[in-house]
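Engineer: Give me coordinates for this.
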Amino acid sequence: MSSSPDQSKWRTLESAVARRATLRAEGRKVVLTNGVFDLLHPGHLHYLKHAAALGDALFIALNSDASVRQLKGPTRPVESESVRAAHLCALPFVDTVVIFGQPRLTTEIRQLHPDIYCKAGDYTLEKLDPGERAELELAGTTIEFMPFLPGHSTTTLIAQRSAAVARGMGQP
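Structural biologist: Numbers count the residues shown, from 1 in each chain. So this is what the prediction gives:
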């Protein structure tokens, strides 16, 4: 039995738009979320599972390595975009993963026209990027915020691992 993730979930934007059109024709609701998803952890899984439950298909727009560096700095991402995409594709409740190269998701929102856009509970309407929010509103997309699982943060996890390595307790 193969343990490789379902690579058919990993799509170009054009292929994702075609998938979206098929789902729309079937009357199915698409949920879109986005993020870095570096070092996939229980907080991510909690959030993504709740997001998927809002509709019929969960689309994830994944920041490319270059856009992660623009947003998070030169030491990120910890895992490459291909590894992060493979991890997300392996999740049974994920329909589609699209890698995007800009820091913001406006083009993808405009083209995918999601029914629901979801972010983790550490976001609010005021914290959404104004351009992304404008595209969502123009598309008539419902915006939802999922519960945040306290104690699970990629930044905290990276800091803990770095401290363990510095103390000689972890692998470099």
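
Engineer: C-alpha from now on. contacts and neighbour counts both.
Structural biologist: OK.

Engineer: State the next helix or strand along the chain beyond the strand or helix carrying His44.
Structural biologist: Using DSSP states H and E, His44 sits in helix 42-52. Going down the chain from helix 42-52, the next helix or strand is strand 57-63, by DSSP H and E.

Engineer: Helix or strand next in line after that next one, which one?
Structural biologist: Reading on from strand 57-63 to the C-terminus, the next helix or strand found by DSSP H and E is helix 65-72.

Engineer: Compute the inter-axis angle for that following helix and strand 57-63.
Structural biologist: Interaxial angle, helix 65-72 versus strand 57-63 (axes from the mean of the first three to the mean of the last three Cα atoms, to 10 degrees): 80 degrees.

Engineer: ok, and what's touching helix 65-72?
Structural biologist: Applying Cα atoms under 8 Å, 6 or more residues apart in numbering, the contact partners of helix 65-72 are 36, 75-77, 80-81, 100-103.

Engineer: how about it: buried residues?
Structural biologist: Applying a neighbour-count criterion of 16 or more other Cα atoms under 10 Å, one finds 65-68, 71 buried in helix 65-72.

Engineer: Equivalent analysis for stretch 95-113, please.
Structural biologist: Using 16+ other Cα under 10 Å as the burial criterion, the residues of stretch 95-113 that qualify are 95-100, 102, 104-106, 108-109, 112-113.
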